[in-house]
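Engineer: Attaching a predicted model along with its sequence, questions to come.
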Amino acid sequence: MEKYEAFGLNVYYYRRKRKLTQEQLAEMVLIEPNHMSNIELAKAGASLDVVFRLADALEIPVHKLFEFRD
């Protein structure tokens, strides 16, 4: 699985676990909702700043976003 896809799936998983919409998470992370959608769909990458803000907003350690399952 491509790493961007795996990362996007992790963002999606933890967002749903927190019962947040893409719009809510995007607002918390200070990005546009369409960028959040593109990150989850592996159509766009995320800067380190955004990765750190995602982890904070999702209340998880950063490494959880990079624990890729087979």
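Structural biologist: Thanks, I have it. Residues are numbered from 1 along each chain as shown.
Engineer: next SSE after the helix or strand containing Asn34?
Structural biologist: Per DSSP states H and E: Asn34 is located in helix 33-40. Sequence-wise, the next helix or strand downstream of helix 33-40 (DSSP H and E) is helix 48-58.
Engineer: Can you tell me which helices and strands that next one packs against?
Structural biologist: If you count contacts as 3 or more C-beta pairs under 8 Å, 6 or more residues apart in numbering; DSSP states H and E, helix 48-58 packs onto helix 3-17, helix 22-29. Glycine gets a C-beta too; all of them are placed from N, C-alpha and C.
Engineer: about what we covered before: check which helices and strands the helix holding Asn34 is in contact with.
Structural biologist: By 3+ C-beta pairs under 8 Å, 6+ apart, helix 33-40 packs against helix 3-17, helix 22-29.
Engineer: Ile60: which of those is closest?
Structural biologist: Between Ile60 and the helices and strands packed on helix 33-40, the tightest spacing by C-beta to C-beta is seen for helix 3-17, at 5.7 Å.
Engineer: in the closest one, what counts as buried?
Structural biologist: Within helix 3-17, the residues scored as buried using 16 or more other C-beta atoms under 10 Å are 6-12, 14-15.
Engineer: Buried ones in the helix holding Asn34, by neighbour count?
Structural biologist: 35-40.
Engineer: which one of those is nearest Gln24?
Structural biologist: Once C-beta to C-beta is applied, the member of the buried residues of helix 33-40 that ends up nearest Gln24 is Met36, at 9.4 Å.
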